[in-house]
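Asks: heads up, no residue letters with this:
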């Protein structure tokens, strides 16, 4: 203690650990999902690795000594089975990490109803399912944490991201409401909002010039890679964020902090 402060000092290093905690990771098979599985497992968590692709679910489960579950996290009936199976095989669910999300690039006037419906499923519905079917199981066993991957496209307007951005904005609204309603029941809910991330899928369709331009656009002068996002996910899942809920953390290398207009001399 000092002369004026005798409050207890926590074991901050221990707050980094997730020993004996069980996490369901949706979209676990590649990119951010794969790195999130490794991040959680590295600090002691047991991971229930969910992917639509059976091979990818099996691969990541083997990498992190987790449990593979292959199936559709978007369909409500399938998702209900998912959380039932996770609880049965893990014993209890302490956390859910939801990575799932994808965009079809098109202007608003070229986005038909099928595309709106598709975006609703791939961006939002699986998170609704996590709240409906996963959160009650966490509440019954004393609480837990839900961390979802949102996007800066839900916070700012991006050309050809109309449907994707609208549902990412809805996802962040769901995070806030769920945090407020379930906080008294012991459940924390937060989001990570990446900018451009060099996942295997994104890296595959960007040209080298586009990759270089993206790196130059960030004040940190580099691109984001999946481990950068997994770092933030891990923080929100652990004890160091125990008083944070209902928030969206932007992980974009500072791009969203910039002035929105070009200035003389900018590269």
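Replies: Cool, the structure landed. Bear in mind the structure is a predicted one, so any value in this text is a computation, not a measurement.
Asks: Can you check the pLDDT for the closest residue to residue 124 other than its chain neighbours?
Replies: With C-beta to C-beta, 6 or more residues apart in numbering as the criterion, residue 124 has its nearest non-adjacent residue at 4.6 Å, and that residue is residue 167. All C-beta spots, glycine's among them, are computed from the backbone N, C-alpha and C. pLDDT recorded at residue 167 is 97.
Asks: buried residues in stretch 33-45?
Replies: Using 16 or more other C-beta atoms under 10 Å as the test for burial, stretch 33-45 gives 33, 34, 35, 36, 37, 38, 39, 40, 41, 45.
Asks: hang on, the earlier thing: quick one, what contacts the residue nearest to residue 124?
Replies: Residues in contact with residue 167 (C-beta atoms under 8 Å, 6 or more residues apart in numbering) are 119, 120, 123, 124, 154.
Asks: State the distance from the fourth one to residue 14.
Replies: I take that to be residue 124. 36 Å (C-beta to C-beta, to the nearest Å).
Asks: what's near enough to touch residue 128?
Replies: So residue 128 contacts residue 174 (C-beta under 8 Å, 6+ apart).
Asks: Looking at residue 124 and residue 14, which one has more neighbours?
Replies: Neighbour totals were compared for residue 124 and residue 14, and residue 124 leads with 22 against 9 (other C-beta atoms under 10 Å).
Asks: Next, please give the residue ranges for the helices of the stretch 1-150 of the chain.
Replies: Per DSSP state H, counting those that start in this stretch, the stretch 1-150 of the chain has helices spanning 31-42, 54-64, 76-90, 113-119, 126-129, 135-140. These are given in chain order.
Asks: Which one, of these, ends up nearest to residue 176?
Replies: For residue 176, the closest of the helices of the stretch 1-150 of the chain is helix 126-129, at 12.4 Å, according to C-beta to C-beta.
Asks: from the chain's centre, how far out does the closest one sit?
Replies: 12 Å (C-alpha atoms, centre = their mean, to the nearest Å).
Asks: just stretch 180-194 next, same as before
Replies: 12 Å.
Asks: Do me a favour and get the end-to-end distance for that stretch?
Replies: In stretch 180-194, first residue to last residue: 23 Å (C-alpha to C-alpha, to the nearest Å).
Asks: Flag every buried residue along it.
Replies: 182, 187, 188, 189, 190, 191, 192, 193, 194.
Asks: Low-confidence ranges, the protein, go.
Replies: 1, 262-267 (pLDDT under 70).
Asks: which element follows the strand or helix carrying residue 168 toward the C-terminus?
Replies: Taking DSSP states H and E as the definition, one finds residue 168 inside helix 162-182. Using DSSP H and E, the next helix or strand after helix 162-182 towards the C-terminus is strand 187-194.
Asks: What strands line up against that next one, and which way round?
Replies: strand 144-149 (parallel), strand 248-251 (parallel) (DSSP bridges).
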